[in-house]
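*Asks:* Have a look; sequence and predicted model below, questions after that.
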Amino acid sequence: MGLLTNILLAPFLGPVWGTKWTLEKVDRVVRDQLTDDTPVKEDLMALQMQLETGEIDDDEYVRREAEIMQRLREVREWREKFGMSTSGGPVRVAESGESE
Amino acid sequence: MTAAESASAETDPAFAEGKYVYCIIRNDRSREFGEIGIGSGARVYTVSHKDLAAVVSDTPIVIYDPTRENVLAHEFVNETVMREFTLIPMSFGTIFRSENDVKALLNSTYQAFTDVLDKMQGKIEFGLKILWDRDLVVAAIERDNDEIRRLKDEITRNAASSTYFARMQLGRLVEAAMEEASNRYVNHIHEQLKEVSVASRSSKVIGDRMILNAAFLVERKDEKAFDEKVKTISLQYEDLLTFKYTGPWPPYNFVNIKLKLEKAT
């Protein structure tokens, strides 16, 4: 189908296209957010810093650490669902495992 | 592996079929490091291949959360091993299914491990985080910077008529002066520590009070000199900066071997 066809049929094809493109983009953004553990790890480091500087006490630390662990597990589950690599758990030398 | 399973990391010996790997050392005899392993004090011992050894403990096949308790257990083993050996730390949570899988790692990565162990021989890492108190720094800047002091006095004197622009201008000047101060402190500190360290690496700062988050690689024989230097510097900045000085650590920030590992499910 050429450009002309698209333009001519725009009322019908246009919205479908648009929706698909937007969904893919949204999907991408959501997926990146769900599978990125960097912000969670940064929160964990910041939390540790707060404990060290005495901004929070031990009870507060334990409570917030539990929340962060839960978020890490959720990210790991999403990564598994999307077939991405995850840290932790059993590993072995890869089949083609030559050293660098 | 689900979250529920990973949460119940029991050390029932019946399920303790995996090997948790803490670090790699050069040692051709078997060694015991005591019952200090992750998961309520598992026995820590070595799995050898030629003159290399992995320091391991038995573990159920689980995913360990990086909780303070687990990370400290991992770290405590490395600290203990480090008293006698130069070591290459493994990432937290690395588990192999069997002793043979651990030997396969030592075998396939033998050369890289050997090279890095040679390079790290007799070296240790120190961590230095530096925090500042914004209010104190701003006060020091207002005291020392003529332009800022003048502008501030003017705004205070003419509180009613001072313009929004003048305040904006002051804010911008202070912000720039703070960045300049931060760079000046950090450079000055780096410069002094250079003499007593082999290398340094800076990481992203954590939170808005931190101006330096660095690791220093130091020769064991220079440990005392490095220590003294940090103390001297922290006295120079006593009124402005807070020093968080940690170590000795294994060379976490100076070893970067990409292991070719895959999931063993």
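*Replies:* Perfect, thanks for sending it. Numbers count the residues shown, from 1 in each chain, chains lettered A, B, ... in the order given.

*Asks:* Could you chop chain B up by domain?
*Replies:* Chain B breaks down by automatic domain parsing into domains covering B:3-121, B:125-249.

*Asks:* and chain A, which of those domains is closest to it?
*Replies:* Ranking the domains of chain B by proximity to chain A (C-beta to the nearest C-beta) places domain B:3-121 first, at 3.8 Å. To be clear about C-beta, it is placed using only N, CA and C from the backbone, and glycine gets the same treatment.

*Asks:* And chain A, is the closest one touching that?
*Replies:* Yes: using C-beta under 8 Å from any C-beta of the partner chain, domain B:3-121 reaches chain A at B:3, B:6, B:18, B:61-68, B:91-97, B:101, B:104-105, B:108-112.

*Asks:* and if you look at stretch B:232-246?
*Replies:* Yes: against chain A, stretch B:232-246 shows contacts by C-beta under 8 Å from any C-beta at B:242, B:244.

*Asks:* can I have that stretch written out in CSV, keeping just the CAs?
*Replies:* The C-alpha coordinates for stretch B:232-246 follow below in CSV (Å, rounded to 0.1, in the frame of the first residue of the first chain):
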residue,chain,number,x,y,z
THR,B,232,45.2,14.9,58.6
ILE,B,233,42.8,15.9,55.8
SER,B,234,39.7,15.4,58.0
LEU,B,235,41.2,17.7,60.5
GLN,B,236,41.8,20.4,57.9
TYR,B,237,38.1,20.3,57.0
GLU,B,238,36.8,19.5,60.5
ASP,B,239,34.3,22.4,60.5
LEU,B,240,32.9,21.9,57.1
LEU,B,241,32.9,18.3,56.1
THR,B,242,32.0,14.9,57.5
PHE,B,243,34.3,12.0,56.5
LYS,B,244,33.0,8.4,56.3
TYR,B,245,36.1,6.3,56.1
THR,B,246,35.8,2.5,55.7
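
*Asks:* List of residues touching it?
*Replies:* A:52-53, B:126-133, B:136-137, B:140, B:185, B:189, B:192-193, B:211, B:230 (C-beta atoms under 8 Å, 6 or more residues apart in numbering or on different chains).

*Asks:* Let's check: the centremost residue of chain A is which one?
*Replies:* Chain A has residue A:35 as the residue nearest its centroid, 1.8 Å off, counting by C-alpha atoms, centre = their mean.

*Asks:* residues contacting that one?
*Replies:* So residue A:35 contacts A:75, A:78-79, A:82, A:84 (C-beta under 8 Å, 6+ apart).

*Asks:* out of these, which is most surrounded?
*Replies:* residue A:75 (21 neighbours; other C-beta atoms under 10 Å in any protein chain shown).

*Asks:* and it, what is it in contact with?
*Replies:* Residue A:75 sits next to A:34-37, A:40 when contact means C-beta under 8 Å, 6+ apart.

*Asks:* Relative to residue B:18, how far out is it?
*Replies:* Here the distance between residue A:75 and residue B:18 works out to 23 Å (C-beta to C-beta, to the nearest Å).

*Asks:* which ones among the contacts of stretch B:232-246 are found in helices?
*Replies:* A:52, B:136-137, B:140, B:185, B:189, B:192-193, B:230 (DSSP state H).

*Asks:* Give me the residue ranges of chain A where confidence is low.
*Replies:* A:1-24, A:26, A:96-100 (pLDDT under 70).

*Asks:* ok, residue B:107 - how many residues close by?
*Replies:* 14.

*Asks:* check contacts around it.
*Replies:* residue B:49.

*Asks:* what kind of secondary structure is it in?
*Replies:* helix (DSSP: H, G, I helix; E, B strand; the rest coil).

*Asks:* Now do the same for it: its pLDDT.
*Replies:* If you check residue B:107, the pLDDT there is 96.

*Asks:* Distance check, it against residue B:17.
*Replies:* Taking C-beta to C-beta, one finds residue B:107 at 21 Å from residue B:17.

*Asks:* and if you look at residue B:216?
*Replies:* 40 Å.

*Asks:* Comparing those two, which shows the higher neighbour count?
*Replies:* Remark: of residue B:216 and residue B:17, residue B:216 carries more neighbours, 24 against 13, as counted by other C-beta under 10 Å.

*Asks:* The more buried one in helix, strand or coil?
*Replies:* Quick answer, by three-state DSSP: residue B:216 is strand.

*Asks:* Specify the beta-bridge partners of it.
*Replies:* residue B:126, residue B:200 (DSSP bridges).

*Asks:* and it, what does it touch?
*Replies:* B:125-128, B:193, B:197, B:199-200, B:226.

*Asks:* ok, residue B:225 to residue B:254 distance?
*Replies:* Residue B:225 is 19 Å from residue B:254, by C-beta to C-beta.

*Asks:* which ones are touching residue A:93?
*Replies:* B:101, B:104-105, B:108-109, B:259-262.

*Asks:* and the residues you listed, which are buried?
*Replies:* The neighbour-count test (16 or more other C-beta atoms under 10 Å in any protein chain shown) marks B:101, B:104-105, B:108-109, B:259-261 as buried among those.

*Asks:* Can you show me the helices along the chain?
*Replies:* Let's take chain A. Taking DSSP H as the criterion, chain A carries its helices at A:3-8, A:10-34, A:38-52, A:58-81.

*Asks:* that answer is for a different chain, and I need it for chain B
*Replies:* For chain B, helices defined by DSSP H occupy the ranges B:3-7, B:68-82, B:99-108, B:110-120, B:134-144, B:146-157, B:164-194, B:223-236.

*Asks:* Turn those helices into a markdown table, including distance to residue B:242.
*Replies:* Formatted as a markdown table, the helices of chain B follow (distance: least, C-beta to C-beta, whole Å):
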| stretch | distance to residue B:242 |
| --- | --- |
| helix B:3-7 | 36 |
| helix B:68-82 | 22 |
| helix B:99-108 | 41 |
| helix B:110-120 | 30 |
| helix B:134-144 | 10 |
| helix B:146-157 | 24 |
| helix B:164-194 | 12 |
| helix B:223-236 | 9 |
